[in-house]
Structure formats: structure tokens, C-alpha cells
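Colleague: Sequence plus the predicted model coming up.
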Amino acid sequence: GIPPHSLRESRTGVYFGLMWLEYFTLLRLRGLSALTQHTLTGTFHSFAANRVSYALGLQGPSLAVDSASSASLVAVHLACESLRRGESKLALAGGASLMLLPDALILMAKTGALSPDGRCHAFDARANGYVRGEGGGVVVLKPLWAARADGDPIYCVIRGSAINNDGASDGFSAPNPRAQEALLRDAYQGAGIAPCDVDYVEAHGTGTALGDPTEAGALARVLCCDRPAERPLIVGSVKTNIGHLEAAAGIAGFIKTALSLAHRAIPANLHFRSRN
């Protein structure tokens, strides 16, 4: 509900998560004649955010983040930090992912990451890989006091966030359970929330035989230590509904969770029969 013209020359930040350069590759495959004076500013990651800032006349930070599947959530984290520092007064954060060439699909298939039956069985005993999806999403972020003062609709409040890396593990693409636990503890400590008070977690939940139990184990060890049996932790993954949006996966889960809070309803996990 914000008129775009009202943001011109404002300290509005733009933070987008992106991964592939498929559109540039598509142009390149058409030969050097397909590369024009607009190719650079129309294809590279940084310009995706910069173009929005240019079109709306925004003068806050404007950058693209590539941290693979976490890219759009890292974008949200950076946007929140910018708002807390007063560097931005408002922020647009999100990500996008499109499937334009078979290359990425082939690469993922060769790593064994994809589900051969084309279904995401998150946390299910049949988990056999993830399913690629495409899409994008953007959220508008403001300090809570500013959103209230401006009469904006508020879907949820971000109490805190944290980022880290697995570091050394059993393999470059293998998850590190200790690092995941440390990240959860940092996030809840920064938010001032006791882990046992959390009711719902929107998980990464890709539907892989290794990743799912590692993630579930970290959640159990951090969030379920002092949890009463009558109040179980509910865990979901939007990937069962729309696939893995890769660079935009995080913002898809974020929007699902915000809407779940607003509507007091959680979409069902699909393709679940028995626990991994």
C-alpha cells in the first residue's frame, strides 16, 4: 500500500538473493552478436537489485546475495541489520529463481540431489532428493514502530536472525549438525526467545536422505529439550508444495510462515507417510 513515487530519494534498501546466470548463458549461446550494450546491465546479479533501485529512485543499499539456497533469507537478514543500524528506513528483500536452460538441472542430477519420482518427500522415509521449482518473492520490511505509525498492514515481526557456515564437515555438500545447532541458538538468543517456546519451524526440508534427519536432529536438540509432550514442535517445508526454489527458497518459506501467522493456519506437508 505504499505509493512508489513516495519512496523516491529515500533511504530504501534493496536486497535480492540470486544464483544462476542462465539468461546470460542463453544470450551467449546465440553468439557474440547477441551481446549488446544492454547485456551487462540486463543479466548480472548486482543489476537485478540496482534496476529496482533505479526504477523507483531508491537511494539505500542495493545489492544481490549469492549464498545458494539460503540467498533470499540472507538477504532478509542483511536488510534487517541495515534497518536496525538506521542505514535504511525501509527495505525490499527477497529473491528469484527461473529455470531457463537444462544445464543446472543436469548438474544437480549428476550430484544425485534430485528426486527421481519428481516429488519432495520432506522428512519422510521415502525422501530421495529434491524437486526444482521456480518463482520469486519480495517482502517489505520496516522497523515495527514505523509500520505502526504509518498504519501499514503487519503480517509478522522478525525478532531476530543469524547466519553462519558449516565449516568443515564430512563433505563439501554434507550438513554439519553442530553448526546448525549453533545457528539456532544464536538466532533465538538474539531474538530473546526461549527455544522451548517456539511453536512452529519452517524448515529447509529438501527431502533428502541425509539433510532431513540432520536438520530434524538439530531442531530436536535445541528446541525440544524442555518441551512438554502435550505441545510438540510442528515442522513444515513449503518445498513439498511448490518445490525447491533454490535462491528464492528461503523467501518462499518466509512468506508461507508470515501468512500462516496472519491466518492462524499452517499448510499441510504433502507426500508424507512415515518419518525418516
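Modeller: Received the coordinates, thanks.
Colleague: Which positions in stretch 232-250 come out as buried?
Modeller: By 16 or more other C-beta atoms under 10 Å, the buried positions in stretch 232-250 come out as 233, 235-250. Quick note: C-beta positions are derived from backbone N, CA and C, even for glycine.
Colleague: Could I have the CA atoms of that stretch written out in CSV?
Modeller: Presented in CSV, the C-alpha positions along stretch 232-250 are these (Å, rounded to 0.1, in the frame of the first residue of the first chain):
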residue,chain,number,x,y,z
PRO,A,232,5.0,-30.9,20.2
LEU,A,233,7.1,-28.8,17.8
ILE,A,234,5.4,-28.5,14.4
VAL,A,235,7.8,-28.6,11.5
GLY,A,236,6.9,-27.9,7.8
SER,A,237,8.5,-27.3,4.4
VAL,A,238,6.9,-25.4,1.6
LYS,A,239,9.1,-27.4,-0.8
THR,A,240,6.6,-30.2,-0.7
ASN,A,241,4.0,-27.7,-2.1
ILE,A,242,6.0,-25.7,-4.7
GLY,A,243,9.4,-27.4,-5.0
HIS,A,244,12.8,-26.1,-4.1
LEU,A,245,13.1,-22.5,-5.4
GLU,A,246,16.8,-22.6,-4.8
ALA,A,247,17.9,-18.9,-4.5
ALA,A,248,14.2,-18.0,-3.7
ALA,A,249,13.5,-21.0,-1.5
GLY,A,250,14.0,-19.0,1.8
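Colleague: Averaged pLDDT, that stretch. What do you get?
Modeller: Regarding stretch 232-250, the rounded mean pLDDT is 97.
Colleague: Stretch 111-127 too?
Modeller: Mean predicted confidence for stretch 111-127 is 94.
Colleague: again with stretch 208-218
Modeller: 93.
Colleague: Run through who's touching that stretch.
Modeller: 113, 122-123, 127-130, 174-175, 177, 180-181, 184, 203-206, 235, 276 (C-beta atoms under 8 Å, 6 or more residues apart in numbering).
Colleague: out of the residues you listed, which are inside helices?
Modeller: Judged by DSSP state H, the subset of the contacts of stretch 208-218 located in helices is 177, 180-181, 184.
Colleague: Could you export the residues you listed as JSON lines, including neighbour count, distance to residue 19 and pLDDT?
Modeller: Shown next, in JSON lines, are the ones in helices among the contacts of stretch 208-218 (neighbours: other C-beta atoms under 10 Å; distance: C-beta to C-beta, whole Å; pLDDT from 0 to 100):
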{"residue": "177", "neighbour count": "15", "distance to residue 19": "25", "pLDDT": "92"}
{"residue": "180", "neighbour count": "20", "distance to residue 19": "21", "pLDDT": "96"}
{"residue": "181", "neighbour count": "16", "distance to residue 19": "26", "pLDDT": "97"}
{"residue": "184", "neighbour count": "19", "distance to residue 19": "24", "pLDDT": "97"}
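Colleague: coming back round to it: taking the contacts of stretch 208-218 one by one, which sit in strands?
Modeller: residue 235 (DSSP state E).
Colleague: and the contacts of stretch 208-218, which are buried?
Modeller: Buried among the contacts of stretch 208-218 by 16+ other C-beta under 10 Å: 113, 122-123, 127-130, 175, 180-181, 184, 203-206, 235, 276.
Colleague: Return the subset of the buried residues of stretch 232-250 lying in strands.
Modeller: Using DSSP E, the buried residues of stretch 232-250 in strands are 235-236.
Colleague: Restricted to helices, list the buried residues of stretch 232-250.
Modeller: 239-242, 249-250.
Colleague: Quick one, grab the pLDDT at residue 77.
Modeller: pLDDT, residue 77: 98.
Colleague: Residue 1 now?
Modeller: 87.
Colleague: Verify the stated contact: it with residue 153.
Modeller: Yes - at 7.0 Å, residue 1 counts as touching residue 153 under the criterion of C-beta atoms under 8 Å.
Colleague: Just the residues contacting stretch 244-256, thanks.
Modeller: 17-20, 66, 68-76, 93-97, 120, 130-139, 202-204, 206, 236-239, 242, 267.
Colleague: hang on, I meant stretch 162-182
Modeller: Residues contacting stretch 162-182 (C-beta under 8 Å, 6+ apart): 70, 74, 77, 111, 183, 186-187, 190, 210-211, 214-215, 217-218, 221-222.
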